[in-house]
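J.: Structure for the following, please:
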Amino acid sequence: MKDKTTKQITDIQKDPFEEYIKLGEPDKADKAYAWQTAVGLQDVDKLRPSEYLLNTAKENIDGKISMDEVRKRIDSYYEESTHHVPEGTEEADKVSVHIAEILSDRAFVFSPTQYISIHRRLF
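T.: Residues are numbered from 1 along each chain as shown. As a prediction, this is how the structure comes out:
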């Protein structure tokens, strides 16, 4: 039983996007980095994304779905959700999507003006 618990903790702590970054395919690595950053920023507020978001993000990285489809799926997931969702998870998922969208924008440049714009878009 102890080994199973240790494996679960290790799996939770493992970065779900690291594999894409290491593989080096430029488009996938860029998307994975955006998602990794978006999810990581949620950790600052001690918010954890859902497994559903992580799986949906991987589909986006693999090119199976667009960012618009990610947003639609996440919105639908919470509109139709009948199960208990830990407090903050919905916020973590939705803000992660917004951050990943912003970071995926080829015109993105981090500057004070861009920072203000990002804050307005997120909140």
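J.: elements contacting the top helix by length along the chain?
T.: Selection of the longest helix in the chain by residue count, based on DSSP state H, yields helix 26-44. If contacts are counted by 3 or more C-beta pairs under 8 Å, 6 or more residues apart in numbering; DSSP states H and E, helix 26-44 sits against helix 18-23, helix 51-61, helix 89-104. Using the backbone N, CA and C atoms, a C-beta is placed for each residue, glycine as well.
J.: Could you export those as TSV, including distance to Tyr77, mean neighbour count and mean pLDDT?
T.: Output for the helices and strands packed on helix 26-44, formatted as TSV (distance: least, C-beta to C-beta, whole Å; neighbours: other C-beta atoms under 10 Å; pLDDT from 0 to 100):
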stretch	distance to Tyr77	mean neighbour count	mean pLDDT
helix 18-23	22	14	71
helix 51-61	6	19	96
helix 89-104	8	20	92
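J.: Which pLDDT value goes with Asp3?
T.: You'll see Asp3 listed with a pLDDT of 44.
J.: do Asp68 as well
T.: 95.
J.: got the contact list for the helix or strand containing it?
T.: Using DSSP states H and E, Asp68 falls within helix 67-79. Contacts with helix 67-79, where a contact means C-beta atoms under 8 Å, 6 or more residues apart in numbering, come from 50, 52-53, 56-57, 59-60, 65, 85, 90, 93-94, 97, 100-101, 104.
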